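A.B. asks: attaching a predicted model along with its sequence, questions to come.
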10 protein chains.
Amino acid sequence: MLFHVRMDVHIPLDMPVEKVNEIKAIEKAYSQELQRSGKWRHIWRITGQYSNISIFDVASNEELHNILQGLPLYPFMNIEVMPLNRHPSSIREDDS
Amino acid sequence: MLFHVRMDVHIPLDMPVEKVNEIKAIEKAYSQELQRSGKWRHIWRITGQYSNISIFDVASNEELHNILQGLPLYPFMNIEVMPLNRHPSSIREDDS
Amino acid sequence: MLFHVRMDVHIPLDMPVEKVNEIKAIEKAYSQELQRSGKWRHIWRITGQYSNISIFDVASNEELHNILQGLPLYPFMNIEVMPLNRHPSSIREDDS
Amino acid sequence: MLFHVRMDVHIPLDMPVEKVNEIKAIEKAYSQELQRSGKWRHIWRITGQYSNISIFDVASNEELHNILQGLPLYPFMNIEVMPLNRHPSSIREDDS
Amino acid sequence: MLFHVRMDVHIPLDMPVEKVNEIKAIEKAYSQELQRSGKWRHIWRITGQYSNISIFDVASNEELHNILQGLPLYPFMNIEVMPLNRHPSSIREDDS
Amino acid sequence: MLFHVRMDVHIPLDMPVEKVNEIKAIEKAYSQELQRSGKWRHIWRITGQYSNISIFDVASNEELHNILQGLPLYPFMNIEVMPLNRHPSSIREDDS
Amino acid sequence: MLFHVRMDVHIPLDMPVEKVNEIKAIEKAYSQELQRSGKWRHIWRITGQYSNISIFDVASNEELHNILQGLPLYPFMNIEVMPLNRHPSSIREDDS
Amino acid sequence: MLFHVRMDVHIPLDMPVEKVNEIKAIEKAYSQELQRSGKWRHIWRITGQYSNISIFDVASNEELHNILQGLPLYPFMNIEVMPLNRHPSSIREDDS
Amino acid sequence: MLFHVRMDVHIPLDMPVEKVNEIKAIEKAYSQELQRSGKWRHIWRITGQYSNISIFDVASNEELHNILQGLPLYPFMNIEVMPLNRHPSSIREDDS
Amino acid sequence: MLFHVRMDVHIPLDMPVEKVNEIKAIEKAYSQELQRSGKWRHIWRITGQYSNISIFDVASNEELHNILQGLPLYPFMNIEVMPLNRHPSSIREDDS
């Protein structure tokens, strides 16, 4: 089941750089593991923003919530979730 | 080069059904041809809406504009375009 | 899987009363059948509005979309969908 | 009498974890007692948000206000209240 | 139980004047009867707008909805309802 | 001359409780004196909010501004002012 | 007593030109008479818009409402009213 | 050339009172000098707000920007600029 | 003096194609004449929209208003005007 | 390929003046180098705002993102990106 998720990141300006880098490294590993599992299907950077558009393929709302809540950057994010369906005009087998 | 496009369709309530169906059929063919060419990478329906989220892969803003303006449903759509980049955490070869 | 749906109805002012009543009767039957099946869990009227708040329990986004698109009043509605999870503080067995 | 309440929680980033956990534990007990009494009918988590949708069944606006103001997380919440009615199409005896 | 209601009226520009005047006359009688009964406590015109701010004192959300839905101008109104409580600083016996 | 005023209070989370209580006590006395004088006609709490809806009856915009600016909680408030008129349908002698 | 009023005009596209010109001529005469009386202190066009910013000096909200409601273009306008005070830094005798 | 400017002032709550008063005094002198020169034509307080509406008469956008940027309260202000024209219905010689 | 103007065009869906094409042709000639005169400095299409971003270089607000009001598509446009200044970091001689 | 970028700068009020000036000097050098290279085509100050409107001419979204992310003031900016096309009415050779 597919979900469109937009994440906007707002890290406090006074957080020490090493701390920021540490969180980002853990975030990257966390994201890539979920990408390899197939649950985090796509992730793109929005040009000019510290924001991404992601497509998740999960078994339930519950699973999506747990994945998002587990994000190391979660406390610094604004997140919007939008459920998606296969489009009747789509020709890609794997877009559903 | 990738672009995130949201299309919301508002067909006038008094358009004859056959006319609507005719436009939709042409729209579908137009979309599928562009999908086969690789320019229209993804298209998903937003749950509960007559709206889609699409990802385009085009050579320029110009090309994207021409594709969108050529949509049979274009006169009845509200369209939002957002440029995308490859995300530094992405592991998919084809998401850039 | 639960979804929170808000429906705002805007029937054109010039639709004949009998036509309106006919659509509303079909809508009511459609809604009650889905309520009996357990898929349309709750429906409440928003005070002072021609709008409702509904809770759906469906197997997938796909199923929810098909139910909503099948509403006789669908062409006259503005619909917002929000996925829900069981709340960790909930004590109701049937709110998940 | 039914009310639809949305609560968005914004705990300050610099509150000590133990303090946060203590408030959350009191909040949970407070909520569950009200759920058992039947006044807090439903509570769901919004997917991907530190927010909930709740349905209250109270005798008056006054009672609802006192319940909400008594929430341990009240100082950190943004709250929206919307009065609800039984829907004419509802088949559930207990949704009014 | 008190409610704050804002009503914005948008009568179609092409409705015949006599029809408009007829509806307004019925609306006025309807409103004044409810004012005399004590259910429609206050009504004020917003300066420069075809809008009013009203305070209702009703037994339930249900009663308020029925009153509003019964307004002759209801099909041409945008209505917002906000529940009110007695304010702890109020000195008026009849503002609760 | 009547004015509709909405006040939303945002006291900083780190203000000491005694300080908060002291300001609130002065605010209450200030408000009640103005209510007794007839200038602050009505005050209601918005359910679930630290906000009020008030009706003022003053001789001029100037007088209203001075009253609002004199509120002990003024530095922590967001205030919206809307001029009101007697409504042509009103039957209350004292709602103008 | 001063009020800041913004008027945005939306004349229906299908109104005959002579009708439009007739209403505008009456509107102009109406406005200029009120300007000569001193009640309509200032009127400026917003660059690029069919909108104006006006300053009224009236005895009451009631008087302002009657003036605005009497505008020949009133049925085609969106109007916003904002009460003003003399500014403590103002040096103009006639800006209060 | 005329411009409509709205200034909303947000002085930090923790700025020492003497500092605030000092800035305000310089601001007042600065504003009055510009009023005497004819460049700052009008200034009014918005009722109930720490905000003003001002009309400037300057030779260019450049001059307006320099005046606004020179305001002692500039770092604490939100400013909106709207170009104005003489209105075709205006009878005041000096409103252009 | 420079101004940033955004124009969004909404031609009624039922206007005959020849009429639309005729207006567009006049619009194009009108725009190109102003471009040649140097008053309409730049015009770009917004990707995916029937909208443009334009930069005007005019002697006054008055001149800009007259140019915009003279646009053949003016009755079908939503226009936003924003005054611009030379930027202190700009190295282009002709961007002021 | 052209992009319209709006940058709003919000430097924290408590940043030491020397630090602010240092960042601004680096920002200016960075901007001017990109202007000389032709990638940063135009930059204008919005009158009355600490904001600019810029036009970039870059080879890809990627290049634009890297330029924006490299801005010394990037952590203190709110940035909006809008892709542009050559306008069919444009007569300037270099506006595409």
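C.D. replies: Received, thanks. Residues are numbered from 1 along each chain as shown, chains lettered A, B, ... in the order given.
A.B. asks: show me where chain A has its strands.
C.D. replies: Assigned by DSSP state E, the strands in chain A fall at A:2-9, A:40-46, A:51-57, A:77-86.
A.B. asks: could I get those as a markdown table with distance to J:Trp44 and mean pLDDT?
C.D. replies: Where you see a C-beta, it was placed from the backbone N, CA and C, and this is true even at glycine. Shown next, in a markdown table, are the strands of chain A (distance: least, Cβ to Cβ, whole Å; pLDDT from 0 to 100):
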| stretch | distance to J:Trp44 | mean pLDDT |
| --- | --- | --- |
| strand A:2-9 | 27 | 98 |
| strand A:40-46 | 24 | 98 |
| strand A:51-57 | 26 | 98 |
| strand A:77-86 | 30 | 97 |
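A.B. asks: packed most tightly, which of those strands would that be?
C.D. replies: strand A:40-46 (a mean of 23; mean count of other Cβ atoms under 10 Å in any protein chain shown).
A.B. asks: and the residue lying closest to A:Arg41 once chain neighbours are set aside, what are its bridge partners?
C.D. replies: The shortest distance from A:Arg41 to any non-neighbouring residue, by Cβ to Cβ, 6 or more residues apart in numbering or on different chains, is to A:Ile55 (4.4 Å). Residues in a beta bridge with A:Ile55, per DSSP bridges, are A:His4, A:His42.
A.B. asks: for A:Ile55, what are its contacts?
C.D. replies: A:Leu2, A:Phe3, A:His4, A:Val5, A:Trp40, A:Arg41, A:His42, A:Ile43, A:Leu84, B:His42, B:Trp44 (Cβ atoms under 8 Å, 6 or more residues apart in numbering or on different chains).
A.B. asks: mind running it again at 10 Å?
C.D. replies: A:2-5, A:40-44, A:84, A:95, B:42, B:44, B:53, B:55, B:95 (Cβ atoms under 10 Å, 6 or more residues apart in numbering or on different chains).
A.B. asks: how close does it get to B:Arg41?
C.D. replies: According to Cβ to Cβ, to the nearest Å, A:Ile55 stands 11 Å off from B:Arg41.
A.B. asks: any shared contact partners between these two?
C.D. replies: A:His42, A:Asp95, B:Ile55, B:Asp95.
A.B. asks: how many residues are close by the second one?
C.D. replies: The burial count assigned to A:Asp95 is 19, neighbours taken as other Cβ atoms under 10 Å in any protein chain shown.
A.B. asks: tell me how far it lies from B:Glu80.
C.D. replies: In terms of Cβ to Cβ, A:Asp95 sits 20 Å off from B:Glu80.
A.B. asks: show me what the longest helix along chain A is packed up against.
C.D. replies: In chain A, with assignment by DSSP state H, the single longest helix is helix A:17-36. Here helix A:17-36 touches strand A:40-46, strand A:51-57, helix A:61-69, going by 3 or more Cβ pairs under 10 Å, 6 or more residues apart in numbering or on different chains; DSSP states H and E.
A.B. asks: CSV please, covering the ones you listed and showing distance to I:Gly48.
C.D. replies: Shown next, in CSV, are the helices and strands packed on helix A:17-36 (distance: least, Cβ to Cβ, whole Å):
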stretch, distance to I:Gly48
strand A:40-46, 16
strand A:51-57, 17
helix A:61-69, 29
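A.B. asks: hmm, back to that, now, which of the shared contacts of A:Ile55 and B:Arg41 sits nearest chain I?
C.D. replies: B:Ile55 (13.7 Å; Cβ to the nearest Cβ).
A.B. asks: export the strands of chain A to JSON lines and tack on distance to C:Met15?
C.D. replies: JSON lines is the format used below for the strands of chain A (distance: least, Cβ to Cβ, whole Å):
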{"stretch": "strand A:2-9", "distance to C:Met15": "34"}
{"stretch": "strand A:40-46", "distance to C:Met15": "42"}
{"stretch": "strand A:51-57", "distance to C:Met15": "39"}
{"stretch": "strand A:77-86", "distance to C:Met15": "29"}
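A.B. asks: which among those is found nearest to J:Ala25?
C.D. replies: Closest to J:Ala25 of those is strand A:2-9 (Cβ to Cβ; 28.0 Å).
A.B. asks: now do the closest one against strand B:40-46, angle only.
C.D. replies: 100 degrees (axes from the mean of the first three to the mean of the last three Cα atoms, to 10 degrees).
A.B. asks: so what's the residue count around the residue of chain A found nearest chain J?
C.D. replies: Nearest residue of chain A to chain J (Cβ to the nearest Cβ) works out as A:Gly48 at 4.2 Å. Counted with other Cβ under 10 Å, residues neighbouring A:Gly48 total 27.
A.B. asks: residue in chain A nearest to chain E?
C.D. replies: A:Glu80 (24.8 Å).
A.B. asks: so that residue touches A:Asn52, yeah?
C.D. replies: No: with contact defined as Cβ atoms under 10 Å, A:Glu80 and A:Asn52 do not form a contacting pair (11.6 Å).
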